[in-house]
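Peer 1: Got a predicted model here, sequence first, then my questions.
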Amino acid sequence: MTTTTLAVLVPLLPFLGSAAGLLLGRKAPGFVRPLAVLPTLAAAVLAVLVAFRQGGGKAVDAATQLTPTGSVPIDLALHIDGFAALVAVLVGVVATCVQIYSTGYLREDPRYPSYAALVSLFTAAMLLVVYSGDLMVLLVGWEVMGICSYFLVGHYWETPEARAASLKAFLVTKLGDVPFLIGLFALAADAGTFRITGVLGAVASGGLDHPTLIALLLLAGVAGKSAQFPLHTWLPDAMAGPTPVSALIHAATMVAAGIYFTARLLPVFAASAAAMTVLAVMAAITMVGSALAALAQDDIKRVLAYSTIGQLGYMAGALAVGDRGAAVFHLLSHAAFKALLFLAAGAVIHAAGTNSLTAMSRVSGLAKRVPDAYWTMTVALLALAAIPPFAGFFSKEAVLVAAEHTALGERTAAPAGAGWTVLVAGLLTALLTAAYALRLWLRTFRGRGPAVPDHGRQPIAMTAVLWVLAIPSLGFGLTAAYLDDWFDGNPLTPTLTTAVLGTGLAVAGAAVTYALWRALAARTPAAAPAPHVDLDRPDTDAGLVEAEALRLPHPAEDPADPGRALLGPLHGPAADGFHLDAVHRTLFVRPVLAAASLVRFLDREVVDTYVSGAAGSAKVLGRLVRRAQTGNVQTYLSALLAGSVVLAIVAVALANAGA
């Protein structure tokens, strides 16, 4: 079987699994789990085979033209180079882990069949984006992911939080997709093709007439899809969905698509120094701002959501200095430990028995209760904090090294100012990341909140996946020296300067956080244990746990939180995401609502007035005509005679006037 055939099957299998799951989910529930897991697992295996065959060598291209458009043709095309092959492996492996994990996490969920089918469709859409060689075909996968995220984030549609979060995710990403679509059309108009190889060839020959405009339009879509400032606000709210969905979105799909797209078309962005500078500034603000916000959150999943935004900022920063190898290397590394973090958080939620107890200030005793989640989350947080030899250290160092080379003028793919911007922001974010990572670990597993009810051991499907993902979280970075051929040939190994600076700042951030936590914990009495409520008993009111959680101290009032002491007056704004939602309401929501009100006024008071006036005139005329219809023959003859006399008089008068 050829590499091209294998590559076609990779996105096709989960798509067919999704279709079969939707058709058979209600009629044959016994097939739901096999249809969820097996096609995705097979796609992951085939993606590995494609990667081995591609081997970091010459890109594989294949295409067949679809129905002629009459202008710029659209091709059903494949383009598989080194990092496309590796990203496809990443998507397949993480999606398989999520599907297996979900069989335990959502085993009692009545909507599991539709959930599993949508996860498979989500996976197929991302794989289509990864392998696509045509921008219009890529756009199909791009938009399918958007609608899948809408349904999956809103899985618990009974809750207002889930409904609002799904709608917000859809609308904010669409806000970026509109200029993104315009940018794709402008790019195709300049290059004369939607084929990615053709576009890159046009860039190399100087064939783009409007590189800055095109790059900025495309960046709007990238910012929305990959949650970059200022269109990142949807991602923390998307935590209202099931935790496995969060793992999939944050690690392998949706937010990874924007970074991957920029990496694939990096020469288009590099053709404009202004666009690269904008990308660098956007990445720097995203990194630092999200790290500060993560340091102020109390909910475990919101901390991880802001963490994802910051790590995506690192990837965007690597792209801003012209090194797509470092960006994709960090994308792969981040996917492993971030998927592990979310799935371990899901184990914590499963142990607590209710989503209302995911606040770090409201849990304790979890280290012994969920040992698998405890140890694997420890590994993942060390990787997130970029502590050697964990995976995050090597991939984050690759980003910092690329920024350093650009800042010192050793690479000219981007302005030196962009390099300095990314380097300084990256080092500051390294300090903040270690601080909020240790804060999350201390408050989740060493916290002094009330003990949550014990719901027994986690299903083996959940715990096994955690240990599988712990392996690349620990060891993937050690492969950096062997991946140069897969990533444009640029070295991905750390240098002494950035390694010392980055690790030193991370250790300093962790040390200060730990010292503050010890000092605050010594002055704070432990919370009284919460009453045991067994949610597994059918006659138990789950609302008792909700009520008990509401009676606990508000997270903002928790005196043992080192984040409050570290942030000081910034704590309030950081906890609220620096009020960007309010800014969006002012800039976008209120003008749209005002325009809608104006349209409604014009429709009701102007358009309806004309329509009502026309109808009223017809009614009046009808009444007048109706009165003339008496049914009396004498009246009709009299009227006819009177009319004839009038016409005769008029005719005589006209004749005399003419004489």
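Peer 2: Looks like it arrived, so ask away.
Peer 1: just how off-centre is stretch 21-34 within its chain?
Peer 2: Averaged C-alpha coordinates place stretch 21-34 at 28 Å from its chain's average position (CA atoms, centre = their mean, to the nearest Å).
Peer 1: Okay, buried residues for that stretch please.
Peer 2: By neighbour count on 16 or more other CB atoms under 10 Å, the buried set for stretch 21-34 is G21, L22, L24, G25, F31, V32, R33. Any C-beta I mention is one placed from the backbone N, CA and C, and that applies to glycine too.
Peer 1: JSON lines for those residues, including distance to F393?
Peer 2: Rendered in JSON lines, the data for the buried residues of stretch 21-34 read as follows (distance: CB to CB, whole Å):
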{"residue": "G21", "distance to F393": "39"}
{"residue": "L22", "distance to F393": "42"}
{"residue": "L24", "distance to F393": "46"}
{"residue": "G25", "distance to F393": "43"}
{"residue": "F31", "distance to F393": "43"}
{"residue": "V32", "distance to F393": "40"}
{"residue": "R33", "distance to F393": "37"}
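Peer 1: Next, format the residues you listed as JSON lines and append pLDDT and distance to V130.
Peer 2: Output for those, formatted as JSON lines (pLDDT from 0 to 100; distance: CB to CB, whole Å):
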{"residue": "G21", "pLDDT": "91", "distance to V130": "22"}
{"residue": "L22", "pLDDT": "89", "distance to V130": "23"}
{"residue": "L24", "pLDDT": "85", "distance to V130": "28"}
{"residue": "G25", "pLDDT": "76", "distance to V130": "27"}
{"residue": "F31", "pLDDT": "88", "distance to V130": "28"}
{"residue": "V32", "pLDDT": "90", "distance to V130": "26"}
{"residue": "R33", "pLDDT": "92", "distance to V130": "26"}
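Peer 1: Just list the residues touching R53, thanks.
Peer 2: Applying CB atoms under 8 Å, 6 or more residues apart in numbering to R53 gives the contacts T3, L6.
Peer 1: For it, grab phi and psi.
Peer 2: Dihedral pair for R53: phi -70, psi -40, per degrees, to the nearest 10.
Peer 1: same question, G25
Peer 2: When read as degrees, to the nearest 10, the backbone of G25 gives phi -60, psi -40.
Peer 1: those helices in the stretch 451-600 of the chain, which residues are they?
Peer 2: Along the stretch 451-600 of the chain, counting by DSSP state H, counting those that start in this stretch, helices occupy 460-475, 496-523, 543-550, 562-567, 571-575, 580-584, 590-601.
Peer 1: Least confident of those, on average?
Peer 2: With a mean of 36, helix 543-550 has the lowest mean pLDDT of the helices of the stretch 451-600 of the chain.
Peer 1: So which residues of the stretch 251-400 of the chain form helices?
Peer 2: Here the stretch 251-400 of the chain has its helices, by DSSP H, counting those that start in this stretch, at 255-264, 266-270, 273-294, 300-320, 324-352, 366-369, 371-384, 391-407.
Peer 1: What is the distance between the shortest one and the centre of its chain?
Peer 2: Helix 366-369 has its average C-alpha position 31 Å from the chain's average C-alpha position, going by CA atoms, centre = their mean.
Peer 1: I'd like to know which elements it is packed against.
Peer 2: helix 324-352, helix 371-384, helix 416-445 (3 or more CB pairs under 8 Å, 6 or more residues apart in numbering; DSSP states H and E).
Peer 1: Likewise for the second one?
Peer 2: In this structure, helix 266-270 makes packing contacts with helix 196-204, helix 211-225, helix 273-294, judged by 3+ CB pairs under 8 Å, 6+ apart.
Peer 1: and that helix, how far out from the chain's middle?
Peer 2: Offset of helix 266-270 from its chain centre (CA atoms, centre = their mean): 22 Å.
Peer 1: For it, give the mean pLDDT please.
Peer 2: 96.
Peer 1: With just CA atoms, put that helix into CSV.
Peer 2: Output of helix 266-270 as CSV, limited to C-alpha atoms (Å, rounded to 0.1, in the frame of the first residue of the first chain):
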residue,chain,number,x,y,z
LEU,A,266,5.5,30.7,7.5
PRO,A,267,7.1,32.1,4.3
VAL,A,268,3.9,34.1,3.6
PHE,A,269,4.2,35.8,7.0
ALA,A,270,8.0,36.2,6.8
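Peer 1: Report how many residues lie close to S644.
Peer 2: Each residue near S644 was counted by other CB atoms under 10 Å, and the total is 10.
Peer 1: Doesn't it belong to a strand?
Peer 2: No. Assessed with DSSP: H, G, I helix; E, B strand; the rest coil, S644 is helix; it does not lie in a strand.
Peer 1: residues in contact with it?
Peer 2: Contacts of S644 by CB under 8 Å, 6+ apart: none found.
Peer 1: Spit out the contact partners of the residue nearest the centre of the chain.
Peer 2: When the chain is reduced to its mean C-alpha position, the nearest residue by CA atoms, centre = their mean turns out to be V255, at 4.0 Å. Neighbouring residues of V255 by CB under 8 Å, 6+ apart: K225, S226, A227, L235, I249, T308, L312.
Peer 1: what about 10 Å?
Peer 2: Residues in contact with V255, defined by CB atoms under 10 Å, 6 or more residues apart in numbering, are 145, 149, 225-228, 232, 235, 238, 249, 308-309, 311-312, 315, 331, 334, 338.
Peer 1: Send me stretch 374-394 as PDB with only the CA atoms.
Peer 2: Only the C-alpha atoms of stretch 374-394 are listed here, as PDB (Å, rounded to 0.1, in the frame of the first residue of the first chain):
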ATOM      1  CA  TYR A 374      -1.000  12.600  41.700                       C
ATOM      2  CA  TRP A 375       2.200  11.100  40.300                       C
ATOM      3  CA  THR A 376       1.400  11.700  36.600                       C
ATOM      4  CA  MET A 377       0.200  15.200  37.200                       C
ATOM      5  CA  THR A 378       3.500  15.800  39.000                       C
ATOM      6  CA  VAL A 379       5.400  14.700  36.000                       C
ATOM      7  CA  ALA A 380       3.300  16.900  33.700                       C
ATOM      8  CA  LEU A 381       3.700  20.000  35.900                       C
ATOM      9  CA  LEU A 382       7.400  19.500  35.900                       C
ATOM     10  CA  ALA A 383       7.300  19.400  32.100                       C
ATOM     11  CA  LEU A 384       5.100  22.500  32.000                       C
ATOM     12  CA  ALA A 385       7.500  24.300  34.300                       C
ATOM     13  CA  ALA A 386      10.400  23.400  31.900                       C
ATOM     14  CA  ILE A 387      12.500  21.600  34.500                       C
ATOM     15  CA  PRO A 388      15.200  19.400  33.000                       C
ATOM     16  CA  PRO A 389      15.100  16.600  31.900                       C
ATOM     17  CA  PHE A 390      11.400  16.700  31.300                       C
ATOM     18  CA  ALA A 391      10.000  17.300  27.800                       C
ATOM     19  CA  GLY A 392       9.000  20.900  28.300                       C
ATOM     20  CA  PHE A 393      12.500  22.000  29.100                       C
ATOM     21  CA  PHE A 394      13.900  21.000  25.700                       C
END
